[in-house]
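J.: Can you look at this prediction? I've put the sequence above it.
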Amino acid sequence: ETGVTQSPTHLIKTRGQQVTLRCSSQSGHNTVSWYQQALGQGPQFIFQYYREEENGRGNFPPRFSGLQFPNYSSELNVNALELDDSALYLCASSLRDGEDTQYFGPGTRLTVL
Amino acid sequence: DAKTTQPNSMESNEEEPVHLPCNHSTISGTDYIHWYRQLPSQGPEYVIHGLTSNVNNRMASLAIAEDRKSSTLILHRATLRDAAVYYCILRADYGGSQGNLIFGKGTKLSVKP
C-alpha cells in the first residue's frame, strides 16, 4: 500500500505567475484535502474534494482552485501568485468511513519571489 | 469548530513519560478529540482520537476528562523520534463523516537524550 505522494517537492515562482501542485491519494481513499502551512504556523484548511466534487472550503480566495480526478488524485492550482502564498502545501487523503483519519503527504514547498 | 488551547512548548527526557495537555472548554457533545503530530520536514501524522472514554493505541494513550473540557495525550516512554509539534484538534461528527481538521499552533515537544 503506497502512501500519499506530492509533486514537486520544491518550487520557486515569481509574483503573478500560476502554479499547479499535484497529489496522489493513498490507495482506496476517495477524499482529498489541501492545507497551506506558513512558517511557524499550523496547517490551514484550503478545501476538500470528495468523489471529484468540492466538499468544503476554508477562508481562501477563488484564485485557489482544485480538481480531483476519477482515480482520486488531485491538483491544487493557484493563480496570480502573491508573496504571502509562500508556504508548505500539504495534501491529505482519507476514506469517508465515519472516522476520516487523514493521511498526509510530505508537502510541496512553494517560494514566491 | 471549537477551539483548543495547548502550551507552546514542552521538554522531556528520553525514556520518560510525557503528558501533553489540551484545553477545549467549548467542546460540543458531537466533537471528537483528535491528536496529530508533525515531525520536522514531514506532513502531520495521525496519533489517536477519542470521544468520551480513554483510548490506547500503539503510539500513545488519550485521557479525556469526565466533563470533556480537557484531555491529555500520554507518550509512555519518549524517544528522540517523538520530538515533534503535537496538535490537539476537535472534529465535529456530521453523522457519517467528520469535519475538517482545524489546526492551532500546537505544542512543540523537545526530547533530551
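T.: It's in. Bear in mind that the values here come from a model prediction, so they are computed numbers and not experimental data. Numbering: from 1, shown residues only, chains lettered A, B, ... in the order given.
J.: other SSEs contacting the worst-scoring helix or strand of chain A on mean pLDDT?
T.: When each helix and strand of chain A is scored by mean pLDDT, DSSP states H and E, strand A:53-57 comes last, with a mean of 89. Packing partners of strand A:53-57 (3 or more CB pairs under 8 Å, 6 or more residues apart in numbering or on different chains; DSSP states H and E): strand A:44-50. In this view, the C-beta of every residue, glycine as well, is placed from N, C-alpha and C.
J.: quick one: B:Ser41 and A:Pro106, what's the gap?
T.: Distance, B:Ser41 to A:Pro106, by CB to CB, to the nearest Å: 8 Å.
J.: Could you list every helix and strand in contact with the helix or strand following the least confident helix or strand of chain A?
T.: Toward the C-terminus, strand A:53-57 is succeeded by strand A:64-68 as the next helix or strand (DSSP states H and E). Judged by 3+ CB pairs under 8 Å, 6+ apart, the packing partners of strand A:64-68 are strand A:44-50, strand A:74-78.
J.: Check the gap between the residue positioned nearest the centre of chain B and A:Glu52 for me.
T.: Centroid check for chain B by CA atoms, centre = their mean gives B:Trp35 as the closest residue, at 3.2 Å. The gap separating B:Trp35 from A:Glu52 is 31 Å, by CB to CB.
J.: cool, A:Leu76 as well?
T.: A:Leu76 sits 15 Å away from A:Glu52, going by CB to CB.
J.: Please say which of these two ends up with more neighbours.
T.: Taking neighbours as other CB atoms under 10 Å in any protein chain shown, A:Leu76 and A:Glu52 compare with A:Leu76 leading, 26 against 14.
J.: what pairs with that one across the strands?
T.: When bridges are called by DSSP bridges, A:Leu76 pairs up with A:Leu21, A:Gly66.
J.: so who does it touch?
T.: With contact set as CB atoms under 8 Å, 6 or more residues apart in numbering or on different chains, A:Leu76 has these partners: A:20-23, A:34, A:46, A:64-66, A:89, A:91.
J.: Out of the helices and strands packed on strand A:64-68, the one nearest A:Ser27 is which?
T.: Shortest distance between A:Ser27 and these, using CB to CB, is found for strand A:74-78: 14.5 Å.
J.: Only the buried residues of that closest one, if you could.
T.: Buried residues in strand A:74-78, counting neighbours by 16 or more other CB atoms under 10 Å in any protein chain shown, are found at A:74-76, A:78.
J.: Would you convert these into JSON lines that also reports pLDDT?
T.: Output for the buried residues of strand A:74-78, formatted as JSON lines (pLDDT from 0 to 100):
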{"residue": "A:Ser74", "pLDDT": "96"}
{"residue": "A:Glu75", "pLDDT": "98"}
{"residue": "A:Leu76", "pLDDT": "98"}
{"residue": "A:Val78", "pLDDT": "98"}
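J.: In JSON lines: those, plus distance to A:Lys13.
T.: Formatted as JSON lines, those follow (distance: CB to CB, whole Å):
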{"residue": "A:Ser74", "distance to A:Lys13": "20"}
{"residue": "A:Glu75", "distance to A:Lys13": "15"}
{"residue": "A:Leu76", "distance to A:Lys13": "13"}
{"residue": "A:Val78", "distance to A:Lys13": "9"}
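J.: Of those, which is the nearest to A:Phe60?
T.: Distance to A:Phe60 across the buried residues of strand A:74-78 (CB to CB) is lowest for A:Val78, with 9.2 Å.
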